[in-house]
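J.: 3D model of this:
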Amino acid sequence: MGVPKFSRRTYDRPSHPWRTDRMKMETEMLKKFALKNKKEFWKAESYLRVVRGQARELRARVKTGEAQAKKEEQMLIRRLFNLGMIPTPDATLDDILALNVESVLSRRLSTIVYLKGLSGTIEQARQFINHGHVGINGRKVNVPGMLVTRAQEQNIGYMSGSPFVDQMHPMRPKVEFGSAPRPAVAKPEAKAAAKMPITSPQIAAEKAPAQKAAASAAAPAAPAKGA
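T.: Just a heads-up that it's a prediction; the model follows:
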């Protein structure tokens, strides 16, 4: 069992940590989600491994017709739906087995703060949380790796004593997430037509009517037949 006062490790290290493809993937995830170190990535992997293991076990038990397994399946689906990892409460165990590590990392508090527009970058979101500027339901939370539920997501904001409550604070994002529409982008065909230079045949075709009108005006009038 171990000594209660010493906490156990809550993650598993990779069996082959020096593989090039794995190291490249871990580095990309560290940059994308502003993780402090690979330990945070390994924690997300371990959590996903446990969830997928439960789903595989329940799928085998459900096939045997066990009633308790059906109840545990609904509880697992409801828990992951509340965490926002699956889109609907009517999901199946196959949907749980299709989850990846990004499904877990996208529910971290730092990621949600960035997506809600409370910070300019995901790195800044982590800094705001560590410095105590972000809270849930008015309670300060300084753990960037906290998994946020759907109910908590609606109540994330700046703390009342934070200077970022001021709309004019220079470090506050200028445009809140989703508040301003994106500018319209011209179609590639329209851009190409607008930038295409006018060639000499086009210039001649455009000048032809004007030249005919000038020639007719400059030509002398024909004398009348009866004169």
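
J.: Distance of the closest residue to residue 137 other than its chain neighbours relative to residue 128?
T.: In space, residue 137 comes closest to residue 155 once its chain neighbours are excluded; the distance is 4.7 Å by C-beta to C-beta, 6 or more residues apart in numbering. (Each C-beta comes from the backbone N, C-alpha and C, glycine too.) Note on residue 155: its distance to residue 128, by C-beta to C-beta, to the nearest Å, is 16 Å.

J.: which of the two has more neighbours?
T.: Neighbours were counted for residue 155 and for residue 128 using other C-beta atoms under 10 Å; residue 128 has more, 23 against 12.

J.: my read: that one touches residue 119, true?
T.: Yes - assessed by C-beta atoms under 8 Å, residue 128 is found in contact with residue 119 at 5.6 Å.

J.: For those two, list the residues in contact with both.
T.: Residues touching both residue 128 and residue 119 by C-beta atoms under 8 Å, 6 or more residues apart in numbering: residue 113.

J.: Show me where the protein has its helices.
T.: Along the chain, the stretches classed as helices by DSSP state H are 20-32, 38-63, 67-82, 93-97, 101-105, 109-115, 122-130, 150-153, 188-195, 200-218.

J.: just the ones you listed: most buried one?
T.: helix 109-115 (a mean of 22; mean count of other C-beta atoms under 10 Å).

J.: From the contact counts, what lies against that helix?
T.: In terms of contacts (3 or more C-beta pairs under 8 Å, 6 or more residues apart in numbering; DSSP states H and E), helix 109-115 is packed against helix 122-130, strand 156-158.

J.: Give me the residues contacting it.
T.: Counting by C-beta under 8 Å, 6+ apart, 33-34, 105, 119, 121-122, 124-126, 128-129, 134, 141, 143-148, 153, 156, 177 sit against helix 109-115.

J.: For the residue lying closest to residue 89 once chain neighbours are set aside, give me its contacts.
T.: Excluding its sequence neighbours, the residue lying closest to residue 89 (C-beta to C-beta, 6+ apart) is residue 81, at 4.7 Å. Residues near residue 81 by C-beta under 8 Å, 6+ apart: 87, 88, 89, 91, 150.

J.: can you check residue 123 too?
T.: residue 34.

J.: Then residue 40?
T.: Counting by C-beta under 8 Å, 6+ apart, residue 40 has contacts residue 145.

J.: swap in residue 10?
T.: Contacts of residue 10 by C-beta under 8 Å, 6+ apart are 43, 46.

J.: How much space separates it from residue 42?
T.: Counting by C-beta to C-beta - residue 10 and residue 42 are separated by 10 Å.

J.: shared neighbours of these two, anything?
T.: Common neighbours of residue 10 and residue 42 (C-beta under 8 Å, 6+ apart) do not exist.

J.: which stretches of the chain have low pLDDT?
T.: 1-2, 174-227 (pLDDT under 70).

J.: Pick out the residue closest to the middle of the chain.
T.: Centroid check for the chain by C-alpha atoms, centre = their mean gives residue 115 as the closest residue, at 6.8 Å.

J.: Near the closest residue to residue 130 other than its chain neighbours, how many other residues are there?
T.: Closest residue to residue 130 apart from its sequence neighbours, by C-beta to C-beta, 6+ apart: residue 142 at 5.9 Å. Counted with other C-beta under 10 Å, residues neighbouring residue 142 total 14.
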